[in-house]
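**Student:** My questions are about this predicted structure, shown below with the sequence.
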Amino acid sequence: MEDTYKSLEKPAEGVFRDRNSKFLAFGFPVDHIEQVNDLLNSLRKKYHDARHHCYAYRIGTEKETYRLNDDGEPSGTAGKPIYNQLLSHDLINILVVVVRYFGGTLLGTGGLINAYRSATNDMLDKASIVNRVIEEQFQLNFPYEKLSTVMKVLKEENLVPLNPLYESQCQMNIAVRKSLSGRFTQKIYVIKGITIRSL
């Protein structure tokens, strides 16, 4: 089972210039749409004097959410070439924003496509790209007397409880590598008195 994906390790930057127009590319690892909006607002504030803030993102390892935005450039000349670079590099959970400072000369459709693609590529060339593991999260609820049995399973599977609550009724979240989640849940299901749900 494929349970890894490629993304940026950390934010990265690139640049491309053509006939006095400057294209600044910014790449970010993201997991949620809310992060996209925050990053876009931050860049629009910082580069408020730029003509365009074009972007593309791909989010989600199960069901992909994506969007391309030309931000006033001719349709298909900005967001699409950015997005196509994400596809060709097989990157997911990533946002790329290209900020354009207009240099006074129109670049034409071909020139714009090349500029947005080249700025994105420059950023990706400089970026640190990593393989990330796809995990599934579960919440376990069980009586305290089952704690040692549950902890034995966690130890066998090299798992660490997240936000554990050790009371008469215990609760904890567990993040499990997707390819190993079936084995883990099978071991948990045989313990009487435990409930498990996907998060």
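**Tutor:** Perfect, I can see it now. Numbering: from 1, shown residues only.

**Student:** Looking only at residue counts, what's the top helix in this protein?
**Tutor:** Identified as the longest helix of the chain according to DSSP state H is helix 108-126.

**Student:** Sort out which residues of that one are buried, please.
**Tutor:** Within helix 108-126, the residues that count as buried by 16 or more other CB atoms under 10 Å are 112-124. Heads up, the C-betas are built off the backbone N, CA and C, glycines and all.

**Student:** on contacts alone, who are the packing partners of that helix?
**Tutor:** Packing contacts for helix 108-126, counted by 3 or more CB pairs under 8 Å, 6 or more residues apart in numbering; DSSP states H and E, involve strand 12-18, strand 21-29, helix 79-88, strand 94-101.

**Student:** Contact partners for the residue nearest in space to the middle of the chain?
**Tutor:** The structure's the chain has its C-alpha centroid closest to Asn93; by CA atoms, centre = their mean the separation is 2.0 Å. Contacts for Asn93 (CB atoms under 8 Å, 6 or more residues apart in numbering) come out as 5, 7, 29-31, 58-61, 132.

**Student:** I'd like to know how far the closest residue to Asp3 other than its chain neighbours sits from Arg132.
**Tutor:** With CB to CB, 6 or more residues apart in numbering as the criterion, Asp3 has its nearest non-adjacent residue at 3.9 Å, and that residue is Lys178. Plainly put, Lys178 is 11 Å away from Arg132 if you go by CB to CB, to the nearest Å.

**Student:** dump the residue contacts of the residue of the chain positioned farthest from its centre.
**Tutor:** Distance from the centre of the chain peaks at Glu145, with 39.3 Å (CA atoms, centre = their mean). Applying CB under 8 Å, 6+ apart, one finds that Glu145 lies in contact with no residue.

**Student:** Specify the residue ranges that define each domain of this structure.
**Tutor:** 4-132, 135-198 (automatic domain parsing).

**Student:** now, of these, which is deepest in the fold?
**Tutor:** Scoring these by mean neighbour count under mean count of other CB atoms under 10 Å gives domain 4-132 as the most buried, with a mean of 17.

**Student:** ok now that one, how far from the chain's centre?
**Tutor:** Centre-to-centre, domain 4-132 and its host chain are 14 Å apart (CA atoms, centre = their mean, to the nearest Å).

**Student:** distance between the ends of that domain?
**Tutor:** For domain 4-132, the first-to-last residue distance is 5 Å (CA to CA, to the nearest Å).

**Student:** What mean pLDDT does that domain get?
**Tutor:** The pLDDT scores in domain 4-132 average 95.

**Student:** Likewise for stretch 183-190?
**Tutor:** pLDDT averaged over stretch 183-190 gives 93.

**Student:** can you give me how far it is from the chain middle?
**Tutor:** A distance of 29 Å separates the centroid of the chain from that of stretch 183-190, by CA atoms, centre = their mean.

**Student:** Contacts for that stretch next, please.
**Tutor:** The contact list for stretch 183-190, computed with CB under 8 Å, 6+ apart, reads 138, 140, 150, 153, 156-157, 159, 174, 176, 194, 196.

**Student:** In strands, which of those residues appear?
**Tutor:** Among those, the members falling in strands (DSSP state E) are 138, 140, 174, 176, 196.
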